[in-house]
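>>> Fold the following, please.
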Amino acid sequence: VQVPHAPSQPLAGSESRRFPNKHSKKALKASLTLGVLLGMFFVAWLPFFITNVAQAVCGCVPAGFFDVLTWLGYCNSTMNPIIYPLFMRDFKRAMGKFLPCCRRPPEPRPSAVSLSMRNSHTGPRAAASLKNVL
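Next up, the predicted model:
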């Protein structure tokens, strides 16, 4: 006995199997962003903290090297405004409101009259006079 099999699902179906709902996709993006931010933090500041401890124990760290590691840590602070817009759409939109170089022209808003006509599902009507109503 042969059991008929369902035709293969399109790519969108396999995509929905990977992320059963939009919350899990958002959680994945949030964890990716957090991983990048923490990774950059550790790459930038861990050498400074290790060198700081070594300097306290043996005093063998040259001042110039210590300054370079300090500035590497400071560079981490300059990387955050670059990383956030790359990975977070909401942050990009919020920054676009405050930075004049990133502003988009406002979209034209429909007038109240056109909205009421669109929502009434009827075309333009002749004005109803008081005589027609009574």
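>>> Surely residue 88 is in contact with residue 32?
No - taking Cβ atoms under 8 Å as the definition, residue 88 is not a contact partner of residue 32, at 10.2 Å. All C-beta atoms are positioned from the backbone trio N, CA, C, and that covers glycine.
>>> tell me what the helix or strand hosting residue 81 is packed against?
Element membership for residue 81, per DSSP states H and E: helix 63-87. Judged by 3 or more Cβ pairs under 8 Å, 6 or more residues apart in numbering; DSSP states H and E, helix 63-87 is in contact with helix 22-58, helix 89-98.
>>> and that helix with helix 22-58, angle?
In terms of direction (axes from the mean of the first three to the mean of the last three Cα atoms, to 10 degrees), helix 63-87 departs from helix 22-58 by 180 degrees.
>>> Give me the below-cutoff pLDDT ranges for the chain.
For the chain, the stretches flagged by pLDDT under 70 are 1-20, 102-134.
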